[in-house]
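A.B. asks: Whatever this is, show me its structure:
(one chain, ligands or ions: 1)
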Amino acid sequence: MTTIYIIAAIVLIVAILVVIFRLQVLSAVLKGRYEKRVGIGNDINGLLFVIVFVVGVGAFWYSYQQASAFFLPAASSEHGVRTDQLFWVTMAILVAAFLVTNALLYVFPYFYKYKEDRKAYFYPDNHRLEMIWTIIPAVVMAGLVVFGYKEWTAITSPAPKGAEVIEIMGKQFAWQVRYPGKDGVLGNYNYRNIDAVNEFGIDMNDSASYDDFIPRELHLPKGKPVLLNIRARDVIHSVFLPHFRVKMDAVPGMPTHFWFVPTKSTADMRDETGNAKFNYELACTEVCGRGHYAMRFVVVVDEPADYEKWKASQETFASLNRDYAAEKAPKLVGLLPAKVAAPEAPADSTAAPADTTAVAAH
Ligand SMILES: [Cu+2]
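C.D. replies: Numbers count the residues shown, from 1 in each chain. Take a look at the predicted model:
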């Protein structure tokens with residue numbers, strides 16, 4: 001309560017001082033003793049406007065120069081190159097408009113500051129000027145919207161036939177990816193099937209599930225369309241592949257997707273960046289909880305032949321969890337590949353590689 005009284009008292013005192021000052025000025029005007037004095041402050045203020053503009057533009061350019069070291073390298077996907085172009089064209093137009101309008105805004109107070117022998121010119125309207133500054137921005141904006149819309153429809157169009165289908169699931173706090181295996185079809189899933197073993201909730205009663213595999217890295221083929229089927233298990237996450245300019249939310253209960261064509265392999269990027277340890281990465285770009293920062297997943301882009309080799313080398317979820325698969329779907333247990341015996345260390349390293357057909361004949 002005392003605070004309110006103190007504030008009220010301060011406000012009243014200030015108001016009284018203002019009124020006294022105003023009365024003094026008015027009485028001076030009435031007595032004809034009032035002189036308008038324009039001090040040096042008028043010139044200084046005018047000059048300060050110009051200085052703020054020049055220093056501001058300089059600082060703006062300097063910060064751009066400094067920050068450009070941290071910009072992403074050129075896009076590693078087909079659509080990424082086009083969206084980058086769109087971005088830079090928009091940026092160039094905006095910067096040009098910014099410089100012109102702000103130059104006028106800051107230079108006018110300098111040139112048209114108060115001068116005793118000058119009277120302000122009353123300039124109510126000018127239809128031609130208003131047409132110019134309405135129509136030009138409208139046409140430019142409409143052009144940008146049309147190009148952007150065209151690009152957006154291309155990006156969000158259905159994936160071409162034969163695209164590699166990969167499922168990405170976000171959970172607190174990791175990404176998991178699932179490949180469809182040899183049949184090219186991802187097995188069904190159901191959230192009710194999720195448990196400690198089956199993090200995806202894969203339906204083991206769907207025969208398409210039996211060759212699905214869940215690797216620890218996301219591998220993509222260079223030069224081939226890739227379709228990501230995206231979902232989340234708990235909260236909203238967001239798939240972000242910055243080098244490919246791919247960003248799409250992962251929403252629980254609402255599968256999303258994104259297709260694109262990677263154009264540079266990991267090896268290409270290591271050459272391009274001169275960094276032998278370069279790796280593409282998948283990050284989460286939705287603040288999804290405490291462990292959000294830890295949702296990094298390594299992405300590898302292979303030459304198509306290496307990609308096929310890598311796929312062939314992956315063990316399926318079902319064969320890694322044989323007992324689980326057998327328990328969940330006893331009828332389909334025949335789909336499990338035969339148990340592979342642990343390879344014996346060759347007694348003689350110079351021996352010819354084992355002839356697999358001969359082994360099978362025993
Ligand atoms: Cu997340």
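A.B. asks: What is the least confident helix or strand in the chain?
C.D. replies: Lowest on mean pLDDT, DSSP states H and E among the helices and strands of the chain sits helix 356-361, with a mean of 40.
A.B. asks: Check which residues of stretch 155-164 are buried.
C.D. replies: Buried residues in stretch 155-164, counting neighbours by 16 or more other Cβ atoms under 10 Å, are found at 155, 159, 163-164. Every C-beta, even on glycine, is put in place using the N, C-alpha and C of the backbone.
A.B. asks: what sits against the closest residue to the ion within the stretch 51-200 of the chain?
C.D. replies: Nearest to the ion, among the residues of the stretch 51-200 of the chain, is Gly170, at 5.3 Å (Cβ to the ion). Counting by Cβ atoms under 8 Å, 6 or more residues apart in numbering, Gly170 touches 230-233, 237-239, 250, 284, 288, 295.
A.B. asks: Can I get the helix or strand in which it is found as CSV, trimmed to CA atoms?
C.D. replies: Here Gly170 is covered by strand 164-171, with elements defined by DSSP states H and E. In CSV, the C-alpha atoms belonging to strand 164-171 read as follows (Å, rounded to 0.1, in the frame of the first residue of the first chain):
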residue,chain,number,x,y,z
GLU,A,164,13.4,-45.8,-51.2
VAL,A,165,10.9,-45.9,-48.4
ILE,A,166,12.3,-45.4,-44.9
GLU,A,167,10.4,-44.9,-41.7
ILE,A,168,11.7,-42.4,-39.1
MET,A,169,10.2,-42.4,-35.6
GLY,A,170,10.9,-39.8,-33.0
LYS,A,171,10.7,-40.6,-29.3
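A.B. asks: what mean pLDDT would you report for it?
C.D. replies: Averaged across strand 164-171, the pLDDT comes to 93.
A.B. asks: and that strand, how far from the chain's centre?
C.D. replies: Averaging C-alpha positions (Cα atoms, centre = their mean, to the nearest Å) puts strand 164-171 18 Å from its chain's average.
A.B. asks: Show the subsequent helix or strand relative to that strand.
C.D. replies: By DSSP H and E, the next helix or strand past strand 164-171 is strand 174-178.
A.B. asks: buried sites along that next one?
C.D. replies: If you call a residue buried by 16+ other Cβ under 10 Å, then strand 174-178 has these buried ones: 175-178.
A.B. asks: Residue numbers of the stretch 101-250 of the chain in contact with the ion?
C.D. replies: His237 (Cβ under 5 Å from the ion).
A.B. asks: And the helices in the stretch 101-250 of the chain?
C.D. replies: In the stretch 101-250 of the chain, the helices defined using DSSP state H, counting those that start in this stretch lie at 127-156.
A.B. asks: give me the residue from it nearest the ion.
C.D. replies: Closest to the ion within the stretch 101-250 of the chain is His237: 3.4 Å, counting by Cβ to the ion.
A.B. asks: ok, that residue to Ile135 distance?
C.D. replies: Applying Cβ to Cβ, to the nearest Å, the value for His237 to Ile135 is 44 Å.
A.B. asks: in the helix or strand containing Asp323, what's buried?
C.D. replies: Using DSSP H and E, Asp323 sits within helix 322-328. For helix 322-328, burial by neighbour count (16+ other Cβ under 10 Å) applies to 324-325, 328.
A.B. asks: Then stretch 176-194?
C.D. replies: For stretch 176-194, the neighbour count (16+ other Cβ under 10 Å) marks 176-181, 186-187, 189, 193 as buried.
A.B. asks: likewise stretch 222-231?
C.D. replies: So for stretch 222-231, counting by 16+ other Cβ under 10 Å, buried means 222, 225-231.
A.B. asks: Next step: those residues restricted to strands.
C.D. replies: With strands taken from DSSP state E, the overlap with those comprises 226-231.
A.B. asks: in this structure, which spans are strands?
C.D. replies: Using DSSP E, strands in the chain cover 164-171, 174-178, 218-221, 226-232, 237-241, 246-250, 256-260, 280-284, 297-302.
A.B. asks: Show me which of those has the highest average neighbour count.
C.D. replies: Mean neighbour count (mean count of other Cβ atoms under 10 Å) peaks for strand 237-241 among the strands of the chain, with a mean of 24.
A.B. asks: Please name every helix or strand in contact with that strand.
C.D. replies: strand 164-171, strand 246-250, strand 280-284 (3 or more Cβ pairs under 8 Å, 6 or more residues apart in numbering; DSSP states H and E).
A.B. asks: Am I right that Val165 is in contact with Leu227?
C.D. replies: Yes. The criterion here is Cβ atoms under 8 Å, and Val165 meets it with Leu227 at 5.0 Å.
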